[in-house]
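Peer 1: How does the following fold in three dimensions:
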Amino acid sequence: MQQSQAEITQQSPQQYLISGTVDFSTVPDLLRQSQGFFAATDASANNTVSIDLSQVDACNSAALALMLEIVKKAQQKNIEAQFENLPAILLTIAKAYGVEKEIRELCR
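Peer 2: Residues are numbered from 1 along each chain as shown. Got it, this is the predicted structure:
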């Protein structure tokens, strides 16, 4: 069985792209990679980090946990985390878990 792969790449000082499969096997590494979001964000800037999910090939409920953990870590640093291009399946999962409204509020 082949292991899933995912990565985070920096697109600009405050914009990141998550690509690949976001599932239980990749989320721990993605969380480690996401620590760079907050270190690279200039405290004198607008304090917003944008995370683009347009290149996520597949995901499961672990992606919701990743999003919420990123938001939590960002709030601890007085940074707002916003998500773009949420995969449709992620909204379906959020609806099943009763958190669709909260997830939509994290998106722009």
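Peer 1: Can you tell me what sits against the longest helix seen in the chain?
Peer 2: In the chain, assigned by DSSP state H, the helix with the most residues is helix 61-76. The contact list for helix 61-76 (C-beta atoms under 8 Å, 6 or more residues apart in numbering) reads 22-24, 26-27, 30-31, 34-35, 37-38, 49, 51, 53, 56, 80-81, 83, 87, 90, 93-94, 97, 99, 103, 106. (Each C-beta comes from the backbone N, C-alpha and C, glycine too.)
Peer 1: Those residues in strands, which ones?
Peer 2: 22, 49, 51, 53, 56, 80, 81, 83 (DSSP state E).
Peer 1: Can you select the buried ones from these in PyMOL?
Peer 2: Buried subset of the ones in strands among the contacts of helix 61-76, written as a PyMOL selection, criterion 16 or more other C-beta atoms under 10 Å:
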select buried, resi 22+49+51+53+56+81+83
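Peer 1: doesn't residue 59 make contact with residue 89?
Peer 2: Yes: using C-beta atoms under 8 Å, residue 89 is in contact with residue 59, at 6.4 Å.
Peer 1: what about these two, which has more around it?
Peer 2: Comparing residue 89 with residue 59 by other C-beta atoms under 10 Å, the one with more neighbours is residue 59, at 24 against 13.
Peer 1: Find the centremost residue of this protein, please.
Peer 2: residue 67 (4.3 Å; C-alpha atoms, centre = their mean).
Peer 1: give the contact list for residue 85.
Peer 2: 52, 53, 54.
Peer 1: Which residue, other than its chain neighbours, is closest to it?
Peer 2: residue 54 (3.6 Å; C-beta to C-beta, 6 or more residues apart in numbering).
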